[in-house]
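K.L.:
Pasted the sequence and its predicted model underneath.
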Amino acid sequence: SKMLAQQVPPEVSVEIPPHRVDVVAVVLRVVVLDQEGRALNAVIVLLALLGLARPGERDLSGVGFREMTLNLEGLTSLAAFLAKVKERVDQKPAGEWVTGRGWIETFWTPQTFPTRWDLDKISPNNPVFLDRADGHGAVANSAALKIAGVDKNTPSPFGGEISKDKQSGEPNGMMLDAAQDLIQRHIPGTTAAEAERAIILGVQRDISLGWTQVQDPGGSYADVAIDEKLYSEGKIKLRIYKALSAPGPEAQRLFHDGPIVGDYAHRFTVRTLKLYADGSLGSRSAALLAPYSDKPDTSGFLTIKEEDLQPVLREALRKGIQIETHAIGDRGNRFILDQYEQAMKAVPKAQWKIKAPRWRVEHSQIVNPQDIPRFKKLGIIPSMQPSHAIGDLHFAPKRLGIDRLAGAYAWQSFIKSGSIVPGGSDAPV
């Protein structure tokens, strides 16, 4: 077959009004013809417009802090991981914390999580706490666990897990989701100058990649104040669509004060709340309907309770606040769809401030095929990240088994059901 070039315009010219910053790409439908001119296939071609592209969900300050602390991306073995951490430990005075982010064991051989005992060999005197790339798991050494008072008798908190050695019952150093806070609360807080530098570094990184707008999920009004300060000083120009963490005081303040829309020359908006339904597939904390294929003693866990979630969802409908909820596993996705639907039925539509609230499920990563049509029916946006499918190729079949992959990374199934699927980067994951 061949494409009849004479039937295709030699160039496509697109004029974008200067005030339209939401136009990010041109989509062409290219028809492939045979020798007789009969259509064989149609291909959708996406042409990104340089300088107008913008990623979906990404943690702006997380990108910056990763660059400021210890970036553990790209390491291919436990030995390389330990060697890089040791370099940083050797630069620190005894007793000072060593923190970092970015390691992922699925590229190692064997594919096993590092342990406290691995870290103890290179850092017996400095407390160490290192986030996995997904941010839903972290490994601590014995010095960090001692400071936090975590031992074999410490119970796992709701929405988290203190991983323990099966023989001794001692914590092995891996802290999942809510359990991470047991360590994090003891790490010295970030100074205002460090927080500002993290934002500036994150913005510079995005601009260097050609991004002009990002969605920054989760955070506090203290973060909002930093963003506003940097905008007013002319230190950042990137457009930021900021979400605040919920449930809690940030959500209550947003309900009371109302959203910020288009401040600083249409560059800054705050009208969204970020919640979490479960953990991650890589850390085995994503909530599944059935046990993990490679670890049958767990099916992950939910990270929020219905009684905490429903008041937030219902008030968000009344106040016109967008909701975006992290959900990875098929149980996590079903749970949040059920919760969204329950809230939408509980609040009469006449009380909805925005008739089409455009609530989202961030990731929509492993979804039972029966639940996929519910997104379109409820008006829920499956906000997905292409990079997850690429990275998860190394372990998703082991975690899920072949059968459950039918509802994993299911862009085509979502699109065919009528959903619009936006893509995001989820950086620094």
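P.N.:
Looks like it came in fine. Residues are numbered from 1 along each chain as shown.

K.L.:
quick one: which helix or strand includes the nearest residue to residue 231 once chain neighbours are set aside?
P.N.:
Nearest residue to residue 231, sequence neighbours excluded (CB to CB, 6 or more residues apart in numbering): residue 264, at 4.2 Å. (Each C-beta comes from the backbone N, C-alpha and C, glycine too.) In this structure, residue 264 sits in helix 263-266 according to DSSP states H and E.

K.L.:
Also residue 382?
P.N.:
Residue 382 belongs to strand 381-383 when elements are defined using DSSP H and E.

K.L.:
Angles on the backbone of residue 171, please.
P.N.:
phi -60, psi 130 (degrees, to the nearest 10).

K.L.:
Report the contact partners of it.
P.N.:
The contact partners of residue 171, taken as CB atoms under 8 Å, 6 or more residues apart in numbering, are 116, 145, 150-152, 154, 162-165.

K.L.:
shouldn't residue 426 be in contact with residue 385?
P.N.:
Yes - at 4.5 Å, residue 426 and residue 385 qualify as touching, with contact defined as CB atoms under 8 Å.

K.L.:
re the thing from before, what about the helix or strand following the strand holding residue 382, average pLDDT?
P.N.:
Where DSSP H and E defines the elements, the next helix or strand beyond strand 381-383 is helix 386-392. Per-residue pLDDT over helix 386-392 has a mean of 85.

K.L.:
Buried residues in whichever helix or strand comes after helix 386-392, which are they?
P.N.:
Sequence-wise, the next helix or strand downstream of helix 386-392 (DSSP H and E) is helix 396-400. For helix 396-400, a neighbour-count test (16 or more other CB atoms under 10 Å) marks 396, 399-400 as buried.

K.L.:
Closest one of the contacts of residue 171 to residue 209?
P.N.:
Nearest to residue 209 out of the contacts of residue 171 is residue 163 (CB to CB; 34.8 Å).

K.L.:
Is the closest one within a helix or a strand, and which one?
P.N.:
Using DSSP H and E, residue 163 sits within strand 160-164.

K.L.:
ok, now residue 341?
P.N.:
Residue 341 is located in helix 330-346, with elements delineated by DSSP H and E.

K.L.:
The stretch 151-300 of the chain: strands as residue ranges?
P.N.:
160-164, 171-177, 213-216, 239-245, 260-262, 268-276 (DSSP state E, counting those that start in this stretch).

K.L.:
Next, the buried residues of the fifth one.
P.N.:
Along strand 260-262, these residues count as buried under the neighbour rule (16+ other CB under 10 Å): residue 260.

K.L.:
can you list the residues that contact that strand?
P.N.:
224, 268-271.

K.L.:
confidence score at residue 109?
P.N.:
On pLDDT, residue 109 comes in at 85.

K.L.:
likewise residue 267?
P.N.:
On the pLDDT scale, residue 267 is placed at 96.

K.L.:
dump the residue contacts of it.
P.N.:
Residues in contact with residue 267 (CB under 8 Å, 6+ apart) are 231, 237-240.

K.L.:
Can you flag the buried ones in those?
P.N.:
Those of the contacts of residue 267 that meet the buried threshold are 231, 238-240, by 16+ other CB under 10 Å.

K.L.:
Helices along the stretch 151-300 of the chain, start to end?
P.N.:
Chain-ordered helices for the stretch 151-300 of the chain, with DSSP state H, counting those that start in this stretch as the definition, fall at 181-184, 192-208, 221-232, 249-257, 263-266.

K.L.:
What's the local residue count around residue 418?
P.N.:
Counted with other CB atoms under 10 Å, residues neighbouring residue 418 total 10.

K.L.:
Quick check: closest non-adjacent residue to it.
P.N.:
Spatial nearest neighbour of residue 418, excluding adjacent residues (CB to CB, 6+ apart): residue 376 at 4.1 Å.

K.L.:
That neighbour sits in which helix or strand?
P.N.:
Per DSSP H and E: helix 372-378 holds residue 376.

K.L.:
Can you name the residues that contact the closest residue to residue 156 other than its chain neighbours?
P.N.:
Once flanking residues are discounted, residue 156 sits nearest to residue 162: 4.9 Å by CB to CB, 6+ apart. Listed by CB under 8 Å, 6+ apart, the contact partners of residue 162 are 150, 154-156, 171, 175-176, 179, 182.

K.L.:
And residue 71, by the same measure?
P.N.:
100-102.

K.L.:
now what about stretch 404-420, what contacts it?
P.N.:
Residues outside stretch 404-420 that contact it (CB under 8 Å, 6+ apart): 288, 290, 293, 330, 364-369, 371-373, 375-376, 381-382, 384, 388-389, 392, 396-397, 400, 421.

K.L.:
Taking the residues you listed, please make a PyMOL selection of just the buried ones.
P.N.:
A single PyMOL command selects the buried members of the contacts of stretch 404-420 (16+ other CB under 10 Å):
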select buried, resi 288+330+364+365+366+367+368+372+375+376+381+382+384+388+392+396+400+421
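
K.L.:
chain center to the strand holding residue 382: distance?
P.N.:
Chain-centre distance of strand 381-383: 13 Å, with CA atoms, centre = their mean, to the nearest Å.

K.L.:
Just give the strands next to it in its sheet, each with its orientation.
P.N.:
strand 360-363 (parallel) (DSSP bridges).
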